[in-house]
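Asker: show me how the following folds:
(2 chains)
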Amino acid sequence: GAVVSQHPSWVICKSGTSVKIECRSLDFQATTMFWYRQFPKQSLMLMATSNEGSKATYEQGVEKDKFLINHASLTLSTLTVTSAHPEDSSFYICSAPPSGTDTQYFGPGTRLTVL
Amino acid sequence: DQQVKQNSPSLSVQEGRISILNCDYTNSMFDYFLWYKKYPAEGPTFLISISSIKDKNEDGRFTVFLNKSAKHLSLHIVPSQPGDSAVYFCAARFSGNTPLVFGKGTRLSVIA
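Answerer: Numbering: from 1, shown residues only, chains lettered A, B, ... in the order given. This next block holds a predicted model:
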């Protein structure tokens, strides 16, 4: 299947700092990428849809000023958690559907811990 | 309101036997269904999918069945292997380039 990478795989930061997470489609182009979040022992919840060349669309309850998404190219979307707080600690995962397919492939995820 | 439900949080099966994981959904407009396998601290790995116009799709040891009238799908793994032990997520999406709606997952344990 198609390959999606994420960087970093884990990050620990102090409260109040910002963290950038990158999601890359390595062997295909993706006009759309999705960002999900998973809290312990819970399901994956959609945070936002990242659209290349346009603004991201956010799910209800997700603060767009706190979770900045930039989809600058057809292979890269970034999620920046601004002014992170301990409650933002979670597992962040991106996914991307190759054009012309119905399947979404996921990155390996990023574990964020905010102290 | 949960649109995709996996009512069994866990399932234990003996090696070599069949594993059947179930999933129910509420929205009849879902167009495509997918199963993912996930280990802790890793992203989901795609297993198999099925379009709403089909009732069965098979890939090696994995078969997905879809019953649209019952809004129910199931994943069959046969024969089950210890390496299949993981959390399995059922997911659904509407037509087009739309995000996935996930169930809560079922933890499968295959016992040698």
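Asker: tell me, what residue is most central in chain A?
Answerer: When chain A is reduced to its mean C-alpha position, the nearest residue by Cα atoms, centre = their mean turns out to be A:Trp35, at 3.8 Å.
Asker: wait, it sits on A:Asn51?
Answerer: No: assessed by Cβ atoms under 8 Å, A:Trp35 is found out of contact with A:Asn51, at 11.7 Å. In this view, the C-beta of every residue, glycine as well, is placed from N, C-alpha and C.
Asker: what pairs with the host helix or strand of B:Ile20, parallel or antiparallel?
Answerer: Using DSSP states H and E, the element containing B:Ile20 is strand B:19-25. Applying DSSP bridges, strand B:19-25 is found paired with strand B:4-5 (antiparallel), strand B:72-77 (antiparallel).
Asker: okay, these in JSON lines with mean neighbour count and mean pLDDT next?
Answerer: Formatted as JSON lines, the strands paired with strand B:19-25 follow (neighbours: other Cβ atoms under 10 Å in any protein chain shown; pLDDT from 0 to 100):
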{"stretch": "strand B:4-5", "mean neighbour count": "20", "mean pLDDT": "96"}
{"stretch": "strand B:72-77", "mean neighbour count": "20", "mean pLDDT": "98"}
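Asker: can you list the residues of chain A near chain B?
Answerer: Residues of chain A lying near chain B by Cβ under 8 Å from any Cβ of the partner chain: A:1, A:4, A:6, A:31-32, A:34, A:42-46, A:49, A:91, A:93, A:95, A:97, A:102-109, A:111.
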